[in-house]
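> Build the 3D model from these lines:
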Amino acid sequence: MFTSVLMIEKALTSADVEFVTTLHGDETVSFHVLLQPRGDQADRLLRAIDDVALGELDEAAHERETPEGKDAAELGAQALSVSLEALRAAGSAAEGRLIEDHPLDALKTLVDEIGADEVIVLTDPHYVEEFFHRDWASRARHKVGVPVLKLFSHSKE
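Predicted coordinates:
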């Protein structure tokens, strides 16, 4: 069985589930999902810039309305639950947890604990962070000791 750690920031869409569950053909994959609810207000500007770069001006204008920090934990738990159910429905073993602080430390610990074969980082594009190599995937490649695959999530169902 192939073991993947899947880092996400929102609920998986059906297209995301199909994408990650078919990456290894017919090989059975077990997923360990890490989801970090939205951070604090310091990330708001970067997200707004990303929204503008993607042409999603309405999203940028509504960034202030999106729950942050502790207020986002409940939404994060729901997103994790939905994602795990979808992976299981697609025939994969899946378990997961929310990350509160230091996502890369949690990732490294989990990779070591379970002997993961790979890490898949599935997020929306984050152009500013990616340009400066500060996104999860770029930073994880120097930390976890297994291959790291960066994929962009599908925004719509």
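
> ok, Leu104 touching Arg139?
Yes. Look at Leu104 against Arg139 with Cβ atoms under 8 Å: they come within range, at 5.7 Å. In short, each C-beta sits where N, CA and C put it, glycine included.

> Could you give the bridge partners of the closest residue to Glu9 other than its chain neighbours?
Closest residue to Glu9 apart from its sequence neighbours, by Cβ to Cβ, 6 or more residues apart in numbering: Thr123 at 5.2 Å. Under DSSP bridges, the beta-bridge partners of Thr123 are Phe152.

> From what I see, Thr123 and Ser153 are in contact.
Yes. In this structure, Thr123 is within contact of Ser153 by Cβ under 8 Å, at 6.1 Å.

> I'd like to know which elements the helix ranked longest in the chain is packed against.
Counting by DSSP state H, the longest helix found in the chain is helix 73-89. Applying 3 or more Cβ pairs under 8 Å, 6 or more residues apart in numbering; DSSP states H and E, we find helix 73-89 packed against helix 14-21, strand 29-35, strand 93-98.

> sorry, back to before: who touches both of Thr123 and Ser153?
Both Thr123 and Ser153 are in contact with Ile8, Glu9, where contact means Cβ atoms under 8 Å, 6 or more residues apart in numbering.

> Dig out what His32 forms beta bridges with.
Val5, Glu95.

> Would you quantify the distance from it to Ser14?
Computed as Cβ to Cβ, to the nearest Å, the His32 to Ser14 distance reads 21 Å.

> of those two, who's got more company?
His32 (21 against 12; other Cβ atoms under 10 Å).

> Return the distance of the more buried one relative to Asp16.
In terms of Cβ to Cβ, His32 sits 16 Å off from Asp16.

> so where's this protein shaky on pLDDT?
38-72, 125-136, 155-157 (pLDDT under 70).

> And the residue nearest to Glu9, how far from Leu84?
18 Å.

> again, but for Val33
6 Å.

> residue contacts, the residue nearest to Ala86 when sequence neighbours are not counted?
Spatial nearest neighbour of Ala86, chain neighbours left out: Val17 (4.6 Å); criterion: Cβ to Cβ, 6+ apart. Contacts for Val17 (Cβ under 8 Å, 6+ apart) come out as Ser83, Ala86, Leu87, Ala89, Ala90.
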